[in-house]
Every structure is written in C-alpha cells, then in structure tokens.
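Participant: Provided below are the primary sequence and the corresponding predicted coordinates.
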Amino acid sequence: VAFVVCRSLEGLKMFSYLEELILDNNLLGNDLLLPRLPHLHTLMLNKNQISFQRNTCKILLDHLAEVVPSLQYLSLLGNMACPNELVCKEKDEDDYQRYRYFVLHKLRNLKFLDTRKVTRREREEALVRGAFMKVVKP
C-alpha cells in the first residue's frame, strides 16, 4: 500500500486578500496545494524540494496558474527544479534559461522569475518553445 503525502496550505483560504507569501525553507515539494488566492502577486518558494520529477513540476505550475491568477513575482531558487550553476556545477546558463522558458510558458503573467525581470524576448520565446523546455540536461 502506497501513501501519498500532500502538503496543503488550505488554511490560507481565510486570507483571500493575501498579496505576498514567503514559504522559503519549508520542505515543500511538487505536491504543494494552495487555496485560491486571487490577489496573491508575490510567491517565494526558495530552498524547498520542488523538482522536475515525472512531470510533477508541470502539475504544480498548472496548479499555481489556476489558484493564483495574479501572480507576477515567483522565486524558486534553491530547488532542484531551478537549475543553478552556483549550486550544481553540472548546470549552466542554458539549463537555467530553458527552465525560465518552461515556467514562463506556464505562468504567463510573471514579471519577475527568481531574481530576474522577465524580458519581452523571453516571453516571446516561452510562447513558441516553452512547452518543450521542461527536460534539462542530466
């Protein structure tokens, strides 16, 4: 028998006008569930356990697109899903850019991802190729 542990923050539904949420260093993974927070524009998920395993990051990003439609600022630094050459020497700037295209393809209203402003060129590239960027080099 397999048990699925899902981390829910449903208690936040009482704060429907919440605009900023910092969840850094909380061991949160791709199974994170947020309630609908229509006014949330800033979400920090740094240094958690979010990864690109088995398409689950896609599911998390789809969930965020649905429950936080006003999201403009997202940070995933320090997660396995965010390839960072400073944390993992096997990753490079190309890996990070592919990750950005994929996230921007899913969350089209973002103005900032991690510490960088989203450029017009990135947004255009994400529309064209973002869906194919979820696989990063091993």
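Facilitator: Great, that's in hand.
Participant: in the lengthiest helix in the chain, what counts as buried?
Facilitator: Ordering each helix of the chain by length in residues (DSSP state H) puts helix 93-106 first. Counting neighbours by 16 or more other C-beta atoms under 10 Å, one finds that the buried residues in helix 93-106 are 95-96, 98-106. Backbone N, C-alpha and C define where each C-beta goes, glycine included.
Participant: check the offset of it from the chain's centre.
Facilitator: Counting by C-alpha atoms, centre = their mean, to the nearest Å, helix 93-106 is centred 10 Å from the centre of its parent chain.
Participant: can you list contacts of it?
Facilitator: With C-beta atoms under 8 Å, 6 or more residues apart in numbering as the contact definition, helix 93-106 has outside contacts at 58, 61-62, 64-65, 74, 76, 81-85, 110, 113, 116, 118, 122-123, 125-127, 129-131, 133-134, 136-137.
Participant: inside helices: which ones of these?
Facilitator: 58, 61-62, 64-65, 122-123, 125-127, 129.
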